[in-house]
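Student: show me the folded form of this:
(chains A, B, C and D)
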2 protein chains.
Amino acid sequence: MGTQMTEMLKGTLEGIVLSILAERPAYGYEITAELRERGFTDIAEGTIYALLIRIETKKLVAVDKVPSAKGPPRKVFTLNDAGRAQLRDFWSTWNELVSRIDNLPHESKGH
Amino acid sequence: MGTQMTEMLKGTLEGIVLSILAERPAYGYEITAELRERGFTDIAEGTIYALLIRIETKKLVAVDKVPSAKGPPRKVFTLNDAGRAQLRDFWSTWNELVSRIDNLPHESKGH
DNA sequence: TTCACTACTAAGTGTTGCTAATTACCACTA
DNA sequence: TAGTGGTAATTAGCAACACTTAGTAGTGAA
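Tutor: Below you'll find the model as predicted:
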């Protein structure tokens, strides 16, 4: 992936994943697929799994092992209250950043 | 500063500074002040100087030493062609990220 | 001479996303 | 039976970035 996007995802990717989990519980592989559908085409699988471990450690999610018909058991992640609070923080920080950047000198900002 | 914002600035701060330099040449202290005016209140001085060294190393700017009435000579940074190209890249990546994030599940996205 | 302001530098830290390799499980097929 | 392919998760090592903290100097005014 372009280095530019890689660096920009730092600090946003966690919020992106949390917002997907806010819709419904999901497991790693599923989240990776959903991200690709949503345009985040080049995010490495390993990145997602590492991130999921992080949000589990931070206790933003509940985790259930669910047996799968094909393949090893799935780790299903469900957002908890702390996770929803973190997600609200994410949106407020993101909105603030967007509005600050909107106020930057705009010459050739792209439409 | 909130950790959340700190992480989000990774990958964007460089573009933010470049876009300030696109308006007019400036030196470190000046840029720091301008950022504060524009709402980036808590960015450490050291962070800006480190970033300026990075973009100088990447040859995105021309550097001139200009004597100052009060204090040591200023290092004035001027965007060059490579810098302007980098800035265009920044805006296109940024716009792409914004549009992807806009398409995320939107419940409680903030107003 | 002391103080405040200006301007830059340097060392070390933590978080993050990346690559790449490995393991595990099941169904299908040659 | 062995092999292949798709699903699912984990791990180790790496590089980039912003942060904190501290320090070095030059200048003018009290």
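
Student: so A:G83 sits against A:V63, correct?
Tutor: No: A:G83 is beyond contact range of A:V63, at 11.6 Å (criterion: C-beta atoms under 8 Å). To be clear about C-beta, it is placed using only N, CA and C from the backbone, and glycine gets the same treatment.

Student: list the buried residues in stretch A:43-50.
Tutor: A:I43, A:T47, A:I48 (16 or more other C-beta atoms under 10 Å in any protein chain shown).

Student: typed the wrong thing, it's stretch A:62-76
Tutor: Going by 16+ other C-beta under 10 Å, stretch A:62-76 has these buried residues: A:R74, A:K75, A:V76.

Student: of those residues, list those near DNA strand D.
Tutor: Counting by C-beta under 7 Å from any atom of the strand, the subset of the buried residues of stretch A:62-76 that neighbours DNA strand D consists of A:R74, A:K75, A:V76.

Student: and the strands in chain A?
Tutor: A:26-27, A:61-66, A:74-79 (DSSP state E).

Student: in JSON lines: those, plus mean pLDDT and distance to B:K10.
Tutor: What follows is the strands of chain A, written out as JSON lines (pLDDT from 0 to 100; distance: least, C-beta to C-beta, whole Å):
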{"stretch": "strand A:26-27", "mean pLDDT": "96", "distance to B:K10": "26"}
{"stretch": "strand A:61-66", "mean pLDDT": "94", "distance to B:K10": "23"}
{"stretch": "strand A:74-79", "mean pLDDT": "96", "distance to B:K10": "24"}
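
Student: and A:R54, how far is that from A:T41?
Tutor: 22 Å (C-beta to C-beta, to the nearest Å).

Student: can you mark which positions in stretch A:23-37 are buried?
Tutor: A:P25, A:A26, A:Y27, A:G28, A:E30, A:I31, A:T32, A:L35.

Student: now do stretch A:48-58
Tutor: In stretch A:48-58, counting by 16+ other C-beta under 10 Å, buried: A:I48, A:L51, A:L52, A:I55.

Student: reformat the buried residues of stretch A:43-50 as a markdown table; add distance to chain B and pLDDT.
Tutor: As requested, the buried residues of stretch A:43-50 are exported to a markdown table (distance: C-beta to the nearest C-beta, whole Å; pLDDT from 0 to 100):
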| residue | distance to chain B | pLDDT |
| --- | --- | --- |
| A:I43 | 11 | 91 |
| A:T47 | 15 | 95 |
| A:I48 | 15 | 96 |
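
Student: which ones among those residues come in contact with DNA strand C?
Tutor: A:I43, A:T47.

Student: quick check, nearest of the buried residues of stretch A:43-50 to DNA strand C?
Tutor: A:T47 (2.9 Å; C-beta to the nearest atom of the strand).

Student: now that closest one: closest residue in space that isn't a chain neighbour?
Tutor: With C-beta to C-beta, 6 or more residues apart in numbering or on different chains as the criterion, A:T47 has its nearest non-adjacent residue at 7.4 Å, and that residue is A:L13.

Student: tell me the centre residue of chain A?
Tutor: A:V17 (2.1 Å; C-alpha atoms, centre = their mean).

Student: export stretch A:81-89 to PDB, keeping only CA atoms.
Tutor: Written as PDB, here are the backbone C-alpha positions of stretch A:81-89 (Å, rounded to 0.1, in the frame of the first residue of the first chain):
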ATOM      1  CA  ASP A  81     -19.700  -0.300  26.900                       C
ATOM      2  CA  ALA A  82     -16.100   0.800  27.100                       C
ATOM      3  CA  GLY A  83     -15.800   0.000  23.400                       C
ATOM      4  CA  ARG A  84     -18.800   2.200  22.600                       C
ATOM      5  CA  ALA A  85     -17.300   5.000  24.700                       C
ATOM      6  CA  GLN A  86     -14.000   4.700  22.900                       C
ATOM      7  CA  LEU A  87     -15.900   4.800  19.600                       C
ATOM      8  CA  ARG A  88     -17.600   8.000  20.600                       C
ATOM      9  CA  ASP A  89     -14.200   9.500  21.400                       C
END
